[in-house]
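Student: Let me see the structure of the following:
(2 chains)
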2 protein chains.
Amino acid sequence: MLKAGILGGGQLGRMLLQAAANYPVETFVLENDPDCPAAHLCHHFVKGDIRNFDDVYNFGRGLDALTIEIESVNEDALEKLEQEGVKVYPRPATLRIIKNKIRQKEFYTSHSIRTAPFVITQTKDELLAQEQFLPAVHKLATGGYDGRGVQVINTKDDLDKGFSEPGVLEKKISLNKEIAMIVAVNDAGQTALYPPVDMVFDPLLNLLDYQISPADLTETILWKVEAIALKVVKELQSPGIFAVELFIDKEGEVYVNETAPRVHNSGHHTIEANYSSQFDMLWRIILRYPLGNTDAILPGAIVNLLGEDKHSGDAVYEGLDEVLRLDNVFVHIYGKRQTKPGRKMGHVTIINKDKQDLIYKKNRIKSLLKVVSDKV
Amino acid sequence: MLKAGILGGGQLGRMLLQAAANYPVETFVLENDPDCPAAHLCHHFVKGDIRNFDDVYNFGRGLDALTIEIESVNEDALEKLEQEGVKVYPRPATLRIIKNKIRQKEFYTSHSIRTAPFVITQTKDELLAQEQFLPAVHKLATGGYDGRGVQVINTKDDLDKGFSEPGVLEKKISLNKEIAMIVAVNDAGQTALYPPVDMVFDPLLNLLDYQISPADLTETILWKVEAIALKVVKELQSPGIFAVELFIDKEGEVYVNETAPRVHNSGHHTIEANYSSQFDMLWRIILRYPLGNTDAILPGAIVNLLGEDKHSGDAVYEGLDEVLRLDNVFVHIYGKRQTKPGRKMGHVTIINKDKQDLIYKKNRIKSLLKVVSDKV
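Tutor: Numbering: from 1, shown residues only, chains lettered A, B, ... in the order given. Next up, the predicted model:
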């Protein structure tokens, strides 16, 4: 059996390992926390730091293939392992481009891929000089994750909230919508596109409200989105799964927001809603099987389950019974013992040919299901 | 988190654990073979003999719930654990009825559940005296599994092939078809029925060819099947998942063939073809969640993947690439390193609203996919 390792043991690793059990593959996980969501679902759990050269290198030696479930891994070790013959998904050179937001933005412009206008800021002083560029978003070059490392700068009064470390100041686009597209690339360079997903934000809270697939796009925009997503993965020159997030402005122009070189939250509905899920697809790539069928079985929506504000401690899932009673709903709890505000604790997928039902159910689920703790 | 143990670590345990990872539950597996298909997918693997009282009792102490993936477990230990407060799915008293084929047949007749006429034979001499009862099938009371412990006795010349140990000689029914129905029962006695499955046998080889769901039944027969399946699980007085296998004769009469008190091969298509799979459903029962939706998303068929004749040794999956290229097909390889003739090595599920496509694809899969070994 092929030996495949995953750097990181969170929910993405967990779902990867659920899918791995359909195939003959020996699985390994590297992660500091032996109670992490993926630890018990692999053949071999190795405790170690995915950001540490020696830990990653020692973990990867002797494996046939490696993948990641988070970008913040030691890419020097991955590069050395790649030179020694371990297949790495994505390739370390690609990961290096993506995990630094300055390099990622420069990659788009140097390959004529439309992205929001930006300036690079190395220091706070450089940022403070960019008053004429507002409204904008300041993003740390490295270390940002899940909303951390991102700061909205609407007016010059906000400039002080920006970062002192190197970052990208990105002009705000007159946004119509945000979408995401999962793309699979195998070692032979063959690609498979999943139907794009509408990422719908709550206009009041400015937080992701839910995701729905397939996205509601005109044929022209869909064509642009597919062409751009394919161009991104082609230029990244790496096999693997990629989540390309895009902005569509009010004139119908398409901009790449950012790309994740791994399975992604915006593709979780593919577990139930598509023939080959993003997790299944990554194993097909790693195991050198043919790419899977990305077609939807039914339209799907995802509601993310985040830890409630002010709740930290042992997780309790309020309203779970009511949600489990809904006919066409699939609950995924990630098995994290502790909740904290905003922590990703699970997701719920809804499938139905009727998109109105998806909207109705996501509202029901959002009002019913809360991750709380007895210790407030 | 609730602590739940599984007795046995084969493919049923493997698929149960894939489903468990959607819920907050701490999983345990008891099994002799640390390389078994389920060993690496639980939180805690315990090496031990599921037929041994001490092994089962020590495994179960301290757990909240136990289930089985095979009948040949030590039910005395389960009974003691149940008395001490561990929830057991199915209840040990029910398991005791089912795992002895004599008791199981007597259970049907004592509850007026139609089953094929039978005589009980304690010795070979008693069997030899049953010439007037032929054609029939002789089944060992205990220890039979997967075709072992069953002998077809068509004429008096075959009588010598029967067993010397206690068994059931069951009259052959003038069969129209065999079907199976998965039924879920929770602790409150609520039930949920899955659509029945046609079990289609190869008329030449007399082996299960494939399974297709929903079964093609008249409304009257479907009504009888549902009523009988419900009667069986009601009289068995146990929560859990039950697979009721039934015969339908040429006159449309319905007979219970046998019942398995656990997740079952005839329900594997429910992973992709139904909203709540049989594995998901068992966790809902164990975790005291509401029962799931048994409706089909699409019709489904299953092809079992058995080790080829004459092949024993490291498993190789010939034709896997071609099968993985089929659009609406889901491959489940159980990860057993060694194949041997007739060993269950995996299954393939096909889903489509068009039943003709299911038949076409199952033929393609059967001709393409072979589990062989380099050592013949």
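Student: Identify each buried residue in the longest helix along chain A, please.
Tutor: Scanning chain A for the longest helix, with DSSP state H as the assignment, gives helix A:219-236. Within helix A:219-236, the residues that count as buried by 16 or more other Cβ atoms under 10 Å in any protein chain shown are A:221-222, A:224-226, A:228-233, A:235-236. Every C-beta, even on glycine, is put in place using the N, C-alpha and C of the backbone.
Student: Over to stretch A:301-319?
Tutor: Buried residues in stretch A:301-319 (16+ other Cβ under 10 Å): A:Ala301, A:Ile302, A:Val303, A:Asn304, A:Leu305, A:Leu306, A:Gly307, A:Glu308, A:His311, A:Ala315, A:Tyr317, A:Gly319.
Student: related to what we said a few turns ago, show residues contacting the longest helix of chain A.
Tutor: A:90, A:94, A:97-98, A:107-108, A:111, A:113-114, A:179, A:181, A:183, A:185, A:191, A:193, A:196, A:217, A:242, A:244, A:246, A:248, A:252, A:254, A:256, A:259, A:261 (Cβ atoms under 8 Å, 6 or more residues apart in numbering or on different chains).
Student: again with stretch A:52-62
Tutor: Under Cβ under 8 Å, 6+ apart, the answer for stretch A:52-62 is A:3, A:5, A:7, A:28, A:30, A:46, A:48-50, A:66, A:73-74, A:76-78, A:80-81, A:84, A:86.
Student: Ok, stretch A:94-102 next?
Tutor: In contact with stretch A:94-102 (Cβ under 8 Å, 6+ apart) are residues A:68, A:71-73, A:75, A:78, A:90, A:103-104, A:107, A:120, A:139-142, A:144, A:166-168, A:236-238, A:240, A:258-261.
Student: And stretch A:349-357, by the same measure?
Tutor: A:212, A:268-269, A:271-273, A:297-303, A:326, A:328-330, A:332, A:358, A:361-362, A:365, B:297.
Student: Residue numbers of chain A in contact with chain B?
Tutor: A:1, A:14-15, A:17-18, A:21-25, A:27, A:40-43, A:275, A:284, A:289-290, A:292-293, A:295, A:297-298, A:315, A:317, A:320-321, A:324-325, A:327-328, A:330-333, A:335, A:337, A:351 (Cβ under 8 Å from any Cβ of the partner chain).
Student: low-scoring pLDDT stretches of the stretch 1-150 of chain A, where are they?
Tutor: A:145-147 (pLDDT under 70).
Student: just the strands in it please.
Tutor: A:2-7, A:25-31, A:44-47, A:65-68, A:87-89, A:118-121, A:136-140, A:150-153 (DSSP state E, counting those that start in this stretch).
Student: can you put these in TSV and add mean neighbour count?
Tutor: As requested, those are arranged in TSV below (neighbours: other Cβ atoms under 10 Å in any protein chain shown):
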stretch	mean neighbour count
strand A:2-7	24
strand A:25-31	24
strand A:44-47	16
strand A:65-68	25
strand A:87-89	23
strand A:118-121	19
strand A:136-140	22
strand A:150-153	18
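Student: A:Asp327: neighbouring residues, count only.
Tutor: 13 (other Cβ atoms under 10 Å in any protein chain shown).
Student: Now do the helices for the stretch 151-300 of chain A: every range, in order, please.
Tutor: For the stretch 151-300 of chain A, the helices defined by DSSP state H, counting those that start in this stretch occupy A:219-236, A:270-273, A:278-286.
Student: can I get the ones you listed in CSV with mean pLDDT?
Tutor: Shown next, in CSV, are the helices of the stretch 151-300 of chain A (pLDDT from 0 to 100):
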stretch, mean pLDDT
helix A:219-236, 97
helix A:270-273, 98
helix A:278-286, 98
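Student: Out of these, flag the one nearest B:Ser373.
Tutor: Set against B:Ser373 and scored by Cβ to Cβ, the helices of the stretch 151-300 of chain A come closest in helix A:278-286, at 23.2 Å.
Student: now the angle from that closest one to strand A:2-7?
Tutor: 130 degrees (axes from the mean of the first three to the mean of the last three Cα atoms, to 10 degrees).
Student: just the angle between helix A:278-286 and strand A:25-31, please?
Tutor: 110 degrees.
Student: Now the element after helix A:278-286, going C-ward?
Tutor: Toward the C-terminus, helix A:278-286 is succeeded by strand A:300-306 as the next helix or strand (DSSP states H and E).
Student: May I have the strands that pair with that following strand, each with its orientation?
Tutor: strand A:207-213 (antiparallel), strand A:344-351 (antiparallel) (DSSP bridges).
Student: what's the next secondary structure element after that strand?
Tutor: Counting by DSSP H and E, what follows strand A:300-306 is strand A:313-318.
Student: Most tightly packed of the strands paired with strand A:300-306?
Tutor: strand A:344-351 (a mean of 24; mean count of other Cβ atoms under 10 Å in any protein chain shown).
Student: what pLDDT, on average, does that one get?
Tutor: Average pLDDT, strand A:344-351: 97.
Student: Over to stretch A:321-331?
Tutor: 98.
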